[in-house]
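Engineer: pasted the sequence and its predicted model underneath.
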Amino acid sequence: MTAKKRLKSGRSRSVERVQTGVRIEKRLLKVLKGFAEYHDMTLGDLIEGIVLHAFDGKPLFSEKNLSKINDLKKIYELDLTSRDSHKLEES
């Protein structure tokens, strides 16, 4: 399926998206979905934005957005941090 992404300059870029079956920690997914909903965007658009910013070494979130993420982490009892990365195992 092809979709267009709107650039800040007003141009759009045509991309090909694929459906994937990514496994992700349950509470982390809830926070991501909540954050995407808060910004009225799809989960896929949010993940693409996060990854593209990270690949460019750009800051991912403003202070306001970090505050919202922390609120969502409390709601969904997400206590994982970046220090837990690569140490997670299935229960």
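Structural biologist: Cool, got the structure.

Engineer: how near is residue 26 to residue 54?
Structural biologist: Note on residue 26: its distance to residue 54, by C-beta to C-beta, to the nearest Å, is 22 Å. (Glycine included, C-beta is placed from N, CA and C.)

Engineer: and for residue 68?
Structural biologist: 19 Å.

Engineer: out of these two, which sits in the busier spot?
Structural biologist: Set residue 68 next to residue 54 and count neighbours by other C-beta atoms under 10 Å: residue 68 wins out with 17 against 11.

Engineer: in which helix or strand would I find the more buried one?
Structural biologist: Here residue 68 sits within helix 63-75, counting by DSSP states H and E.

Engineer: buried set for that helix?
Structural biologist: Along helix 63-75, these residues count as buried under the neighbour rule (16 or more other C-beta atoms under 10 Å): 68-69, 72-73.

Engineer: got the contact list for that helix?
Structural biologist: If you take C-beta atoms under 8 Å, 6 or more residues apart in numbering as the criterion, helix 63-75 is touched by 30-31, 34-35, 38, 61, 78-79.

Engineer: scan those residues and report the most crowded one.
Structural biologist: For these, neighbours were counted using other C-beta under 10 Å, and residue 31 has the most, 22 neighbours in all.

Engineer: is it true that it touches residue 76?
Structural biologist: Yes. Judged on C-beta atoms under 8 Å, residue 31 makes contact with residue 76 at a distance of 5.5 Å.

Engineer: so where's the protein uncertain?
Structural biologist: Judged by pLDDT under 70, the chain has its weakly predicted residues at 1-10.

Engineer: picking that back up, give me the distance from the helix holding residue 68 to the chain's centre.
Structural biologist: Using C-alpha atoms, centre = their mean, to the nearest Å, the mean C-alpha position of helix 63-75 is found 13 Å from that of the whole chain.

Engineer: ok, stretch 21-30 next?
Structural biologist: Worked out by C-alpha atoms, centre = their mean, stretch 21-30 lies 11 Å from the chain centre.

Engineer: which parts of that stretch are buried?
Structural biologist: By neighbour count on 16+ other C-beta under 10 Å, the buried set for stretch 21-30 is 27, 30.

Engineer: and the contacts of it?
Structural biologist: The set of residues that contact stretch 21-30 without belonging to it, under C-beta under 8 Å, 6+ apart, is 32, 72, 76-78, 80, 88.
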